[in-house]
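[1] got a sequence here, can you build the structure:
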Amino acid sequence: MANEDRIIAVYMMANRKQGTIYTGVTSDLIRRVWEHREGIQEGFTKKWGCTRLVWFEHHSEIGWAIAREKSIKSYRRTNKINLIAAQNPDWDDLWFLITG
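    Take a look at the predicted model:
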């Protein structure tokens, strides 16, 4: 049975405006961002303090989301910054947007 609250998404976390950027994909955006914010798992986002959700893109299929994530990961840093700025020019934390 599908969990209707789950959001399939590609997302980017940052530690501050114009700071370190992490790109990921998930089938449960709220849970995954919470894990980053709380430092639940060891890894890049915990090491660099990437606790701010600054960009995300919904997808209806996980396969499409994975392909998009790979594409974004191949971008130059400037392109990632431009992608974030187009949706979120102030690099606000979008956590409250996705959690209501």
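[2] just checking, what packs against the helix or strand that contains W34?
    Assigned by DSSP states H and E, W34 belongs to helix 29-38. Where contact means 3 or more C-beta pairs under 8 Å, 6 or more residues apart in numbering; DSSP states H and E, helix 29-38 is packed against strand 9-14, strand 21-26, strand 52-58, helix 95-99. C-beta here means a position set from N, CA and C on the backbone, and glycine is covered the same way.
[3] okay, the ones you listed, which one's buried deepest?
    With neighbours taken as mean count of other C-beta atoms under 10 Å, those reach their highest mean count in strand 9-14, at a mean of 25.
[4] count of neighbours near D28?
    Residues within reach of D28, counting by other C-beta atoms under 10 Å, total 15.
[5] what angle do the helix holding W34 and strand 9-14 make?
    20 degrees (axes from the mean of the first three to the mean of the last three C-alpha atoms, to 10 degrees).
[6] helix 29-38 to strand 21-26, inter-axis angle?
    Counting by the same axes, to 10 degrees, helix 29-38 lies at 140 degrees to strand 21-26.
[7] ok, which of the helices and strands packed on helix 29-38 comes nearest E69?
    Ranking the helices and strands packed on helix 29-38 by their distance to E69 (criterion: C-beta to C-beta) puts strand 21-26 first, at 4.0 Å.
[8] okay, and for the protein, where does confidence drop off?
    Scanning the chain for pLDDT under 70 picks out 1-5.
[9] at the geometric centre of it, which residue sits there?
    With distances taken as C-alpha atoms, centre = their mean, the chain has Y11 as the residue nearest its mean C-alpha position (2.3 Å).
[10] pull up the distance across stretch 29-46, start to finish.
    17 Å (C-alpha to C-alpha, to the nearest Å).
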